[in-house]
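J.: Got a sequence here, can you model it:
(one chain, ligands or ions: 1)
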Amino acid sequence: MEEDQANNIIIFPFMAQGHIIPFLALALHLESKLERLPNLTITFLGTPLNVAKLRSSLPPSTALRLVNLPFRPSDHGLPPDAENTDALPYPLVVRLLHASTSLRDPFRDLLLGLVSGGRKPLCVIGDIFFGWTATVCRELGIFHAVFSGASGFGLACYYSLWVNLPHRKKPESVEFSLPDFQEGSPVHVSQLPMNILEADGTDLWSLFQAANLSAWVESNGILFNTVAEFDSVGLSYFRQKLGVEVWAVGPVLLSAKSRRSTTPSRGAGAGPDQCIAWLDTKPPKSVLYVSFGSMNTITAPHMMELATALESSGRDFIWVVRPPVGHDINAEFDAGAWLPEGFERKIAGRGLLVERWAPQAEILAHGAVAAFLTHCGWNSVLEALSNGVPLLGWPMAAEQSFNARLLEGGGVGACVEVARGRRCEVRGEELREKIEMAMGDTERGREMRSRAEEAREMIQSATRDDDDDDDDAGGQRRKRGSSARALDEFI
Ligand code: UDP
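T.: Residues are numbered from 1 along each chain as shown. The predicted structure is shown next:
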């Protein structure tokens with residue numbers, strides 16, 4: 001059988017949209033780049049429900065093989081269908097992380113079966129939360145790479161914080177230096193995600209990360225969905241700290257079509273067509289898009305302040321509204337119940353409320369979008385910058401504050417932080433002022449727009465490939481980009 005001689009690449013993401021989406025993008029990208037490799041197979045591993053969902057809607061052109069490993073959430077005290085974070089309250093995410101380590105044995109059995117059948121995979125690409133995949137690969141002599149959907153800088157800060165616990169005794173008002181970033185990088189305590197601030201080495205997050213991160217040294221390297229030109233500090237950090245290879249190959253992004261396969265089935269609000277039809281009625285660069293990613297949400301008082309800001313800004317907007325912090329994400333959801341009285345009437349025609357999930361990539365690629373109020377999840381950032389859309393940052397968790405910092409700083413400069421965390425005090429009037437600063441005819445607004453445009457050009461150059469080779473206006477041969485070259489090196 002031809003497949004028996006296949007060059008098999010195994011790709012294995014953690015079960016959350018922010019991980020499945022970039023892994024799927026990477027799988028499809030590798031497939032397109034490696035089509036000349038004889039008998040190449042790319043196997044995408046997942047759990048039964050996630051695989052069933054992907055199977056029903058992958059692009060017909062792909063030969064990607066989907067394989068599921070047994071996983072029963074209820075064995076781990078999770079709701080029976082909680083195979084990913086889509087419908088999981090945020091505090092249960094850490095339980096899903098612990099539960100995911102039960103995939104280790106079936107994963108090892110799968111690899112052992114391949115090795116003993118003479119079909120040793122070319123390589124395994126595992127998630128930043130699946131350090132154990134590196135340990136198994138080292139044991140079986142299989143090349144392993146971690147794939148990070150997070151930025152180099154964000155992940156470097158996040159890694160450094162976890163391996164240098166605890167941080168909880170730091171006074172609220174004080175800035176301190178990250179142990180591994182002595183120069184020029186004081187961090188304010190409010191930038192620490194709550195799970196890190198509360199971690200003491202014995203809690204569920206600490207225990208998970210201690211085992212997870214210590215296994216990374218067993219990997220052969222780390223692939224980053226980022227661009228070396230604006231994210232070199234974090235990349236160097238991992239080269240030095242872990243002594244592994246590092247490749248910045250991004251951004252790899254899912255096309256709108258493939259992306260529909262990852263849309264959560266539950267509670268998807270306005271469909272892609274409705275959002276795009278609405279945007280089509282708006283002038284170029286006039287709309288603010290507001291979304292906090294696939295897992296995060298803001299508090300009920302924050303929703304009120306944000307609504308006030310959006311209403312008084314006079315700007316057109318799309319807001320992806322999710323149940324506020326502390327409320328059942330699965331329950332029937334009436335967005336109006338969390339918004340000021342008469343809000344929907346007042347913003348009619350000017351604001352589109354989308355419940356729970358919007359076609360984000362398509363929205364950000366639409367010419368009517370002027371700016372993005374985001375939690376600074378790295379996928380969201382890449383999707384925005386690839387379209388030259390400037391950012392208003394409201395980081396909430398994980399490495400998002402550090403992404404915001406990378407984006408605000410000299411390297412990118414296309415972001416202004418408007419709020420921080422779930423516990424911060426946010427006033428509608430201040431938010432309105434920042435929205436006006438970013439979207440209006442202000443000096444900072446103009447600068448952000450021009451820096452976002454520069455970032456878009458940087459991304460375009462970094463991802464320039466052989467297939468795109470042509471001459472520029474001056475007849476000069478354009479060079480292949482850094483991300484395309486890094487992917488070659490990896491291959
Ligand atoms: N996403 C989307 N629609 C939504 C919310 C999120 O398509 O309403 C997608 C978004 O385009 C991105 C991913 O989900 O690709 C979220 O990843 P990110 O790293 O931004 O944040 P996370 O959800 O991991 O916190």
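J.: May I see the buried residues of stretch 99-119?
T.: Buried positions in stretch 99-119, judged by neighbour count with 16 or more other Cβ atoms under 10 Å: 99, 100, 101, 103, 107, 108, 110, 111, 114. Just so you know, the C-beta spots here come from the backbone N, C-alpha and C atoms, and that holds for glycine as well.
J.: now swap in stretch 177-196 and tell me
T.: Of the residues in stretch 177-196, those scored as buried under the neighbour-count criterion (16+ other Cβ under 10 Å) are 178, 180, 181, 185, 187, 191, 192, 193, 195, 196.
J.: Mind checking which of these are in helices?
T.: When DSSP state H is applied, the buried residues of stretch 177-196 are split such that 195, 196 fall in helices.
J.: quick one, what contacts the closest residue to the ligand within the stretch 101-250 of the chain?
T.: Nearest to the ligand, among the residues of the stretch 101-250 of the chain, is residue 149, at 6.2 Å (Cβ to the nearest ligand atom). The contact partners of residue 149, taken as Cβ atoms under 8 Å, 6 or more residues apart in numbering, are 18, 19, 21, 22, 23, 128, 225, 378, 379.
J.: now residue 78
T.: With contacts defined as Cβ under 8 Å, 6+ apart, the neighbours of residue 78 are 88, 92, 95, 96, 99.
J.: where's the residue nearest the centre of the chain, which helix or strand?
T.: The geometric centre of the chain, computed from its C-alpha atoms, lies nearest to residue 379 (Cα atoms, centre = their mean), at 3.5 Å. When secondary structure is defined by DSSP states H and E, residue 379 falls within helix 378-385.
J.: where does the stretch 1-150 of the chain dip in pLDDT?
T.: The model of the stretch 1-150 of the chain has pLDDT under 70 over residues 1-6.
J.: Run through the residues of it sitting next to the ligand.
T.: The stretch 1-150 of the chain comes close to the ligand at residues 17, 18, 21, as judged by Cβ under 6 Å from any ligand atom.
J.: which of the contacts of residue 78 lies closest to the ligand?
T.: Nearest to the ligand among the contacts of residue 78 is residue 88, at 11.9 Å by Cβ to the nearest ligand atom.
J.: about what we covered before: out of the buried residues of stretch 99-119, which sit inside helices?
T.: When those are checked against helices using DSSP H, the ones located there are 99, 100, 107, 108, 110, 111, 114.
J.: among these, which two are most distant?
T.: When these are compared pair by pair using Cβ to Cβ, the farthest-apart members prove to be 99 and 114, with a separation of 24.7 Å.
J.: what element comes up after the top helix by length along the chain heading to the C-terminus?
T.: Once the chain is assigned using DSSP H, the helix that runs over the most residues is helix 443-462. Of the helices and strands lying after helix 443-462 in sequence (DSSP H and E), the nearest is helix 482-490.
J.: buried sites along that next one?
T.: Buried, per 16+ other Cβ under 10 Å, within helix 482-490: 482, 483, 484, 485, 486, 487, 490.
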